[in-house]
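1. dropping the sequence and predicted coords here.
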Amino acid sequence: MQSWIHVLEWRANTRPDVPALVDDRGRRLSYSELLTAVERAAGGWAAQGVAAGDVVAVLAKNSADFLVHTFALMRVGALPALINWRLSPAELAELFTLLEPVALAADAEFAERPLPGPAVRVRIGGGGLPDGWTDGAALDAPPPPRPELSGDTPMVLVHTSGTTGRAKAIPLRHGALIQSVAAFALEIGDQVAGSRHLQIMPLFHLGGFGQAMQVVLTAGTLHVHTVFRPPSTVTAIERDRIEFFTAGPSLIDMLLAEVRARDTAPDLSSLVEIAYGTAPITPVLLADALATFDCRFRQIYGNTESQSMISLLAPEDHRLDHPHLASAGRVSFGWETRIVGPDGRPGAPGEAGELLIRGECLFRGYWRAPEATAEAFTTDGWYRTGDVARLVDGYLYILDRAKDMVISGGENIYPAEVEAVLARHPAVGEVAVIGRPDARWGEAVHAVVVPVADLTEPDLIAWCRDRLAHFKCPVSVEFASELPRTTTGKVLKRELRARYEIPA
């Protein structure tokens, strides 16, 4: 298996004039121009003293420059560490201590932060040039000799979202990501050279970075947006005749609100498929999205550790009457799955338990964290996802994170199951379920709801009691204008629990 540098060379040779990157900062590169820019920037990074095996922190919003310099660092053999620019100073300091980067590539706007770490600091993505920083455009020199790059070579470091604890860094391998995105492209089937893709997911996240790599593999054109803004996204779909993009359900909901708010309906007829992840789509949202976008929908379930999608819910399953619409779809090629109980043994068919996975794309271990790595795997090599799941008729249902489970009166309650029922109420826009401390039962089910119409707590509790065992139903409901989320749209339940001093 070869590397992503080999993939880029192949595309520059076979599709030299196809536009590769078009960003909203005005930069436009064909595949031949992209390869040239990567080679010259690699020479510049080498001149700065960056060598094979070095870690370079990348703290930047989406841009063509982000991808040029990430590829250039890969070309040198260095490890670009893609960092969430929304982290707090304390979180950045902790991450930099773990990564020990020799250099930093960052947007100018982040130079004002008290950034820890290396003396070599390179401004990418435009803007003013901070004192003591090098202009990324000036990193222009003949490329160094290429290090040995293979499928097993680590290509980038991605840190986990940290929704349930301290962030960890995961080395992604060239071969694993090539295999992953190739399998996804084959599953979709109609992404061809010049297909137009919109990048609104952050590139520091595997979901966003994987989308960009898939576009390169298929010689598509990636329209890169700095950050997600519903008005500019809807305008770009119409103006640039976008065919494919990836988002989370919450982002899709924001786009629908933007379309509804316009006096003149935009022309969205170019759309072929919208992929989404982080959570199942609710029936109410799907009905609205199907009517508005009139294109295919595909759900992706995976995690950073898998370096791949673990399961897919296909477009043909996105019907309001489909019995498995609430699932994460069927297990993808290349994965073995096992669902086990607390004793580590597989349960009966259809029984809920922790999902274990095994496959060639699976990560080999956390960066400089042998104890966390050992805890993540069973003795026979299965990765513990931490997700509670069950298999029904070949469809994988993700019931919840194991640590999000509510234990009330000795009964195990999976919030996702309760959320799925609440989400079917026509007045519920978004919902998150947690456990609240309860003197009698230990924990009680509590729902936080973003309504889209008039709604009362008794209404929702009665709705659940008609559809769920009573011990699973909320005993209290809180109404909110929005739910706290990560940059990729995942609900931050630890923030909700913190209101009630519930340990994360």
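-> Received it, and whenever you're ready, just let me know what you need.
2. all contacts plus neighbour counts: C-alpha atoms, from now on.
-> Noted.
3. using CSV, list the CA coordinates for stretch 430-448.
-> Taking Å, rounded to 0.1, in the frame of the first residue of the first chain, the C-alpha atoms of stretch 430-448 are listed here in CSV:
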residue,chain,number,x,y,z
GLU,A,430,-33.7,18.5,19.4
VAL,A,431,-33.4,16.4,22.5
ALA,A,432,-30.8,15.1,24.9
VAL,A,433,-31.4,12.7,27.8
ILE,A,434,-29.3,12.4,30.9
GLY,A,435,-29.6,11.0,34.4
ARG,A,436,-30.2,13.4,37.3
PRO,A,437,-29.4,12.5,40.9
ASP,A,438,-32.4,11.1,42.7
ALA,A,439,-32.6,10.3,46.4
ARG,A,440,-34.8,7.4,46.0
TRP,A,441,-33.8,5.8,42.7
GLY,A,442,-30.1,6.8,42.5
GLU,A,443,-30.8,8.5,39.1
ALA,A,444,-33.9,9.8,37.3
VAL,A,445,-34.3,10.3,33.6
HIS,A,446,-34.2,13.9,32.6
ALA,A,447,-34.8,15.3,29.1
VAL,A,448,-33.5,18.6,27.7
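4. quick one: average confidence on that stretch?
-> The predicted model assigns stretch 430-448 a mean pLDDT of 88.
5. contacts for the helix ranked longest in the chain next, please.
-> Ordering each helix of the chain by length in residues (DSSP state H) puts helix 31-47 first. Residues outside helix 31-47 that contact it (CA atoms under 8 Å, 6 or more residues apart in numbering) are 8-9, 11-13, 15-21, 68-69, 71-73, 75-76, 136-144.
6. what do you get if the cut-off is 7 Å, keeping everything else the same?
-> 8-9, 11-12, 15-20, 68-69, 71-73, 75-76, 139-144 (CA atoms under 7 Å, 6 or more residues apart in numbering).
7. kindly report the same for stretch 385-399.
-> 327-331, 339, 350-356, 400-402, 414, 416-417.
8. which PyMOL command selects the buried ones in these?
-> In PyMOL syntax, the buried subset of the contacts of stretch 385-399 is picked out as below (16 or more other CA atoms under 10 Å):
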select buried, resi 327+328+329+330+331+339+352+353+354+355+356+400+401+402+414+416+417
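9. phi and psi next, for residue 190.
-> phi -120, psi 20 (degrees, to the nearest 10).
10. now for it: which residues touch it?
-> By CA under 7 Å, 6+ apart, residue 190 has no neighbours at all.
11. tell me the mean pLDDT over the longest helix of the chain?
-> Mean predicted lDDT for helix 31-47 stands at 98.
12. what element comes up after it heading to the C-terminus?
-> Next along the chain after helix 31-47, taking DSSP states H and E as the criterion, comes strand 55-59.
13. tell me which other helices or strands the strand or helix carrying residue 256 touches.
-> For residue 256, the host element (DSSP H and E) is helix 249-261. Secondary-structure packing of helix 249-261 (3 or more CA pairs under 7 Å, 6 or more residues apart in numbering; DSSP states H and E): helix 230-239.
14. the same query, at a cut-off of 6 Å, please.
-> Packed against helix 249-261 by the contact rule (3 or more CA pairs under 6 Å, 6 or more residues apart in numbering; DSSP states H and E) you find no helix or strand.
15. direction included, what does the helix or strand just after it pair up with?
-> In the C-terminal direction, the helix or strand that comes right after helix 249-261 (DSSP H and E) is strand 273-276. Its sheet considered, strand 273-276 pairs with strand 244-247 (parallel), strand 296-303 (parallel) by DSSP bridges.
16. a markdown table for those strands, including distance to residue 179, mean pLDDT and mean neighbour count?
-> Shown next, in a markdown table, are the strands paired with strand 273-276 (distance: least, CA to CA, whole Å; pLDDT from 0 to 100; neighbours: other CA atoms under 10 Å):
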| stretch | distance to residue 179 | mean pLDDT | mean neighbour count |
| --- | --- | --- | --- |
| strand 244-247 | 19 | 96 | 23 |
| strand 296-303 | 14 | 95 | 21 |
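17. can I get those strands in TSV including distance to residue 220?
-> Shown next, in TSV, are those (distance: least, CA to CA, whole Å):
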stretch	distance to residue 220
strand 244-247	10
strand 296-303	19
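18. of those strands, which is nearest residue 215?
-> Closest to residue 215 of those is strand 244-247 (CA to CA; 10.0 Å).
19. how far away from the center of its chain is that closest one?
-> Distance of strand 244-247 from the chain centroid (CA atoms, centre = their mean, to the nearest Å) equals 11 Å.
20. same question, stretch 400-420
-> 24 Å.
21. ditto for stretch 350-361
-> The answer for stretch 350-361 is 20 Å, by CA atoms, centre = their mean.
22. what does that stretch rub up against?
-> The contact list for stretch 350-361, computed with CA atoms under 6 Å, 6 or more residues apart in numbering, reads 176, 307, 334-341, 382-385, 387-392.
23. can you do 7 Å?
-> 176, 306-308, 334-341, 382-392.
24. how about the helix holding residue 256 as CSV, C-alpha atoms only?
-> Output in CSV follows, covering the C-alpha atoms of helix 249-261 (Å, rounded to 0.1, in the frame of the first residue of the first chain):
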residue,chain,number,x,y,z
PRO,A,249,-27.9,16.5,11.7
SER,A,250,-27.8,19.8,13.6
LEU,A,251,-26.0,21.5,10.7
ILE,A,252,-28.6,20.1,8.2
ASP,A,253,-31.3,21.5,10.5
MET,A,254,-29.6,25.0,10.3
LEU,A,255,-29.5,24.8,6.5
LEU,A,256,-33.2,24.0,6.4
ALA,A,257,-33.9,27.0,8.5
GLU,A,258,-31.8,29.2,6.2
VAL,A,259,-33.7,27.9,3.1
ARG,A,260,-37.0,28.6,4.8
ALA,A,261,-36.0,32.1,5.8
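25. in that helix, which residues are buried?
-> Neighbour counts using 16+ other CA under 10 Å place 249, 250, 251, 252, 253, 255, 256, 258, 259 of helix 249-261 among the buried residues.
26. what strand or helix carries the residue lying closest to residue 368 once chain neighbours are set aside?
-> Distances taken as CA to CA, 6 or more residues apart in numbering put residue 98 closest to residue 368, at 7.5 Å, once the chain neighbours are dropped. Residue 98 is part of helix 89-99 when elements are defined by DSSP H and E.
27. filter the contacts of helix 31-47 down to the ones in strands?
-> Among those, the ones falling in strands (DSSP state E) are 19, 20.
28. now, which of the contacts of helix 31-47 lie within helices?
-> 8, 9, 11, 12, 68, 69, 71, 72, 73, 75, 76.
29. can you pull the contacts of the last one?
-> Residue 76 makes contact with 42, 46, 51, 52, 146, 147 under the criterion CA under 7 Å, 6+ apart.
30. for the helix holding residue 98, which outside residues touch it?
-> 55, 116, 117.
31. sorry, back to before: quick one: distance of the longest helix of the chain to the chain centre.
-> Worked out by CA atoms, centre = their mean, helix 31-47 lies 27 Å from the chain centre.
32. buried stuff in that helix?
-> In helix 31-47, counting by 16+ other CA under 10 Å, buried: 31-47.
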